[in-house]
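Trainee: What follows is a predicted structure for the sequence shown.
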Amino acid sequence: MDKRRVFAFLNDRLGAGQAAVLVTVVAVEGSSMRGPGTHMGVCEDGSFSGSLSGGCIENAVVAEALEALKAGAVRVVRFGSGSRYIDIKLPCGGGLDIHFLPLSGQQLTGQCLNAIDARKPFALELGQGGADFLAEWRETDWEPGKGCAHVGHWPEPKLTIIGHGATVPALARLARQMDLAVEVLSPDRTSLEELSTDGVPVHQLASPNDTAAVTTDRWTAVVFLFHDHDWEIALMAHAMAHPHFYLGAMGGRRAHALRVEALAQAGCSRDAIDALHAPIGLFHSSRDPDTLALSTLGQVIEVYHKTDFASGEA
């Protein structure tokens with residue numbers, strides 16, 4: 001989920017006339033903190049963005065990237081188990097095959113950033129001679145005999161928060177700290193003005209039937225945070241009928257039972273109602289806004305990582 005940060009770092013440095021390397025984990029043997037498809041960007045001055053192992057091998061990766069820059073050629077290097085670097089070990093005992101791609105311009109990074117910002121799936125084809133941008137998702141794989149890898153990327157989760165109360169800004173700001181796309185829909189003008197000042201896209205709901213403002217895609221999480229549950233039924237029924245990977249709502253079990261009855265009367269299917277996360281969050285009975293925000297965002301990210309977007313089940 002840090003890919004935009006990595007590609008923006010590379011694009012900025014290349015735009016400033018500096019040389020840089022796109023570093024990609026193409027294969028993992030055994031246990032590893034990060035999986036295949038993880039990126040890191042390294043600039044000629046040794047600065048970098050991203051993480052491949054939580055700090056175990058980053059310095060060695062930077063050194064290898066600078067060597068690749070000097071040679072001006074792609075290389076694939078094994079770190080950890082089976083590596084020629086016997087003094088560089090991964091505590092988990094695993095091994096990483098890492099692809100180093102010296103970049104000569106902003107074309108590739110620009111294409112990646114455009115796809116990320118447009119919330120479009122994309123992939124990279126990494127070979128011995130360079131890399132190609134693919135305007136479609138491809139499953140991440142590695143063919144060592146050909147020295148070729150494909151790295152597929154889905155859009156990052158977008159958080160659509162619909163509601164009022166103190167948990168709304170708490171959740172919006174927490175999600176922004178993770179660089180997630182966030183939007184807030186609420187009847188509370190004061191809260192929206194405050195969030196808008198912080199750069200969060202907002203929309204003031206004119207009524208409980210103001211459903212046109214709810215726009216989603218397959219990578220959207222819709223979170224309802226209404227204390228007045230009369231506000232949520234029409235909006236929730238609308239969200240259920242549109243693409244999303246997560247839909248959750250605040251409230252206790254009694255409130256949820258009434259919600260279920262109202263959604264059924266509104267024509268929502270039993271499957272859609274059963275898929276609703278309520279009470280919301282990883283840990284229930286969260287009373288204060290900050291704890292509820294943390295509990296909710298943790299559940300959203302957990303569901304995102306468990307969703308098989310390739311199967312279309314989102």
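Mentor: Perfect, I can see it now.

Trainee: Only C-alpha atoms from now on, for both contacts and neighbour counts.
Mentor: Fine.

Trainee: isn't L263 right next to I233, touching?
Mentor: Yes: the pair L263 and I233 qualifies as a contact (CA atoms under 8 Å) at a distance of 6.3 Å.

Trainee: who does the host helix or strand of T160 pair up with?
Mentor: Counting by DSSP states H and E, the secondary-structure element that holds T160 is strand 158-163. Sheet pairing here is set by DSSP bridges, and for strand 158-163 it gives strand 181-186 (parallel), strand 220-225 (parallel).

Trainee: what about the first one, average pLDDT?
Mentor: Here the mean pLDDT over strand 181-186 is 96, rounded to a whole number.

Trainee: and if you look at stretch 280-298?
Mentor: Stretch 280-298 comes out at a mean pLDDT of 89.

Trainee: That one: which residues count as buried?
Mentor: 280-282, 284, 286, 289-297 (16 or more other CA atoms under 10 Å).

Trainee: Can I get those in JSON lines including secondary structure and distance to T24?
Mentor: Formatted as JSON lines, the buried residues of stretch 280-298 follow (DSSP: H, G, I helix; E, B strand; the rest coil; distance: CA to CA, whole Å):
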{"residue": "I280", "secondary structure": "coil", "distance to T24": "36"}
{"residue": "G281", "secondary structure": "coil", "distance to T24": "33"}
{"residue": "L282", "secondary structure": "coil", "distance to T24": "32"}
{"residue": "H284", "secondary structure": "coil", "distance to T24": "38"}
{"residue": "S286", "secondary structure": "coil", "distance to T24": "39"}
{"residue": "P289", "secondary structure": "helix", "distance to T24": "38"}
{"residue": "D290", "secondary structure": "helix", "distance to T24": "35"}
{"residue": "T291", "secondary structure": "helix", "distance to T24": "35"}
{"residue": "L292", "secondary structure": "helix", "distance to T24": "35"}
{"residue": "A293", "secondary structure": "helix", "distance to T24": "33"}
{"residue": "L294", "secondary structure": "helix", "distance to T24": "30"}
{"residue": "S295", "secondary structure": "helix", "distance to T24": "31"}
{"residue": "T296", "secondary structure": "helix", "distance to T24": "31"}
{"residue": "L297", "secondary structure": "helix", "distance to T24": "27"}
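
Trainee: Would you mind putting those residues into TSV with distance to D45 alongside?
Mentor: Compiled in TSV, these are given as follows (distance: CA to CA, whole Å):
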residue	distance to D45
I280	46
G281	43
L282	42
H284	47
S286	46
P289	43
D290	39
T291	41
L292	42
A293	39
L294	37
S295	40
T296	40
L297	36
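
Trainee: What is the nearest of those residues to T109?
Mentor: When these are compared for distance to T109, the smallest value, 28.9 Å, is given by L297; criterion: CA to CA.

Trainee: pretty sure the closest one is in contact with A170, am I right?
Mentor: No: at 10.5 Å, L297 does not count as touching A170 under the criterion of CA under 8 Å.

Trainee: Can you get me a residue count around A20?
Mentor: For A20, the number of neighbouring residues by other CA atoms under 10 Å comes to 28.

Trainee: give me the number of residues near the residue lying closest to it once chain neighbours are set aside?
Mentor: Leaving aside its sequence neighbours, A20 sits nearest to C43 (CA to CA, 6 or more residues apart in numbering; 4.3 Å). Under the neighbour criterion other CA under 10 Å, C43 is assigned a count of 23.
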